[in-house]
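> predicted model and sequence below, questions to follow.
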Amino acid sequence: MKAAIALMLVAVWKQGPALAGDASRVVFVRNNEIYMASENGSNLRQLTSDGKPKQMPKWSPDGTEIAYLTSGDMSANPKSRAKIEIITVDGKHVGTAPILVTLADGTEVGGMRWVDSIGWYDAQHVFAEGSINPYSGEFRTINIRSGQMGGYGGFGCSTF
């Protein structure tokens, strides 16, 4: 039980505000695009330009990458609830971490109905947390390079 609580606290701490590790840069969404600026608002830079809706941008632990949430594809195989996209501070796309509803063979993956929060679990994994119903939730870790789930758990805990 103590390990599950510790994992929940680490996950909440790691999602934190959208400030870089040195707290001198911020990242945010404006007009469906990801922007970065100095904390005083200067040095504004647009990092994406595809026009697709984005939300919840989060800095990586070392401040070199940004993860953000986009829509999934429920018509593809495997189906995805949403995707966590990863870009560098120069806007270069480096990975996609799908939040799967089904595996390629059609097997259902958990019961997450929507994504409530995302963040960085560590330098190689992001997490998605969402609700199954009003009384229980689901927590997943996903490898940012391969897109594979590294852990899965209900009630706010996960394992690798």
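Right, received. Where do you want to start?

> quick one, strands of this protein?
With strands called from DSSP state E, the chain shows them at 25-30, 33-38, 45-46, 55-59, 65-71, 80-88, 93-100, 114-122, 125-133, 136-143, 149-154.

> nearest to Glu108, of the ones you listed?
Closest of the strands of the chain to Glu108 is strand 93-100, at 9.2 Å (criterion: Cβ to Cβ). In short, each C-beta sits where N, CA and C put it, glycine included.

> residues near Ser117, how many?
Counted with other Cβ atoms under 10 Å, the neighbours of Ser117 add up to 15.

> oops, could you answer that again for Met56 instead?
19.

> surely Arg45 touches Tyr35?
Yes - taking contacts as Cβ atoms under 8 Å, Arg45 lies within contact range of Tyr35: 6.6 Å.

> surely Glu85 touches Val94?
No - counting by Cβ under 8 Å, Val94 is not a contact partner of Glu85; they are 9.0 Å apart.

> same drill for these two, tell me which one is more crowded.
Shown here are Glu85 and Val94; by other Cβ under 10 Å, Glu85 has more neighbours (23 against 13).

> could I get the contacting residues of that one?
Lys54, Ala67, Tyr68, Leu69, Thr70, His93, Gly95, Thr96, Ala97 (Cβ atoms under 8 Å, 6 or more residues apart in numbering).
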